[in-house]
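Visitor: model the following, please.
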Amino acid sequence: MRLLLIRHGQTDSNVNHLLDTLHPGAPLNATGLAQAQALVQTLAHEPIEAVYASTLPRAQETAAPLAAARGLEVQVIDGLQEISAGVEDMNSDWRRYVEVLSSWSPTNLDVGLPEGETAREFVARYSGALRQIEAAGHSVAALVSHGAALRTWGLVVCPSAPLDVARPLENTEWLELEGSSDEGWRLTRWAGVPVDEVRPA
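Guide: Numbering: from 1, shown residues only. Take a look at the predicted model:
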């Protein structure tokens, strides 16, 4: 299976650098809506068979034009939402959030911000969502999710990927993975660029 994991379009929280991780979150702003429309042409060559989105409205708004262009419905699936920042939500200082996520490793899975979630909790719910998508039997599927979740997930499931590809994803950039949950995933593109061509940020 091939998965295109797309970050949602721009919101005012992005512009104001607010750590907006909880439901419902800010909707797309005018730039974000234009980015969602542009994604239709950007991915026109991809044989996408299904379009999924997280439970947060900004992800669904981003997915809607892509799905409509292919005569599909956006399928909303729980588990694809952003990594919760807990008490740090809507803070403009991201340092504690980034420090916690950067500390996650196979030997450090049970750390999280107060009222947020741990690495173990995040991986379990994101894995469950992707298994639901796999079970539908698509060859190629697109899903719209969130920056920290996608960046963290891509490196968790593809530990052999070079770390210097792991720059932040801009709005509507995407990762491409090939494989399966049972057999393992291979990271093939980061921000739409083949991994072997990506330069460190």
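Visitor: leaving out chain neighbours, which residue sits closest to His138?
Guide: Glu49 (4.5 Å; Cβ to Cβ, 6 or more residues apart in numbering). Where you see a C-beta, it was placed from the backbone N, CA and C, and this is true even at glycine.
Visitor: quick check: that neighbour touching Ala141?
Guide: Yes. With contact defined as Cβ atoms under 8 Å, Glu49 and Ala141 form a contacting pair (6.2 Å).
Visitor: those two: which has the busier surroundings?
Guide: Higher neighbour count among Glu49 and Ala141: Ala141, with 21 against 15, using other Cβ atoms under 10 Å.
Visitor: can you pull the pLDDT of the residue lying closest to the more buried one once chain neighbours are set aside?
Guide: By the measure of Cβ to Cβ, 6+ apart, the closest residue to Ala141 outside its immediate chain neighbours is Ala50, 4.6 Å from it. For Ala50, the model assigns a pLDDT of 98.
Visitor: Ala50: what's it in contact with?
Guide: 72, 75, 133, 136, 138, 141-142 (Cβ atoms under 8 Å, 6 or more residues apart in numbering).
Visitor: how close does it get to Gln60?
Guide: The spacing between Ala50 and Gln60, counted by Cβ to Cβ, to the nearest Å, is 14 Å.
Visitor: ditto for Glu115
Guide: According to Cβ to Cβ, Glu115 and Gln60 sit 25 Å apart.
Visitor: which of those two has more neighbours?
Guide: Neighbours were counted for Glu115 and for Gln60 using other Cβ under 10 Å; Gln60 has more, 21 against 12.
Visitor: contacting residues for the more buried one?
Guide: Contacts of Gln60 (Cβ under 8 Å, 6+ apart): 53-54, 74, 76, 144.
Visitor: okay, the residues you listed in JSON lines with neighbour count, distance to Glu178 and secondary structure next?
Guide: Output for the contacts of Gln60, formatted as JSON lines (neighbours: other Cβ atoms under 10 Å; distance: Cβ to Cβ, whole Å; DSSP: H, G, I helix; E, B strand; the rest coil):
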{"residue": "Ala53", "neighbour count": "27", "distance to Glu178": "21", "secondary structure": "strand"}
{"residue": "Ser54", "neighbour count": "26", "distance to Glu178": "22", "secondary structure": "coil"}
{"residue": "Val74", "neighbour count": "22", "distance to Glu178": "23", "secondary structure": "strand"}
{"residue": "Val76", "neighbour count": "15", "distance to Glu178": "24", "secondary structure": "strand"}
{"residue": "Val144", "neighbour count": "31", "distance to Glu178": "19", "secondary structure": "strand"}
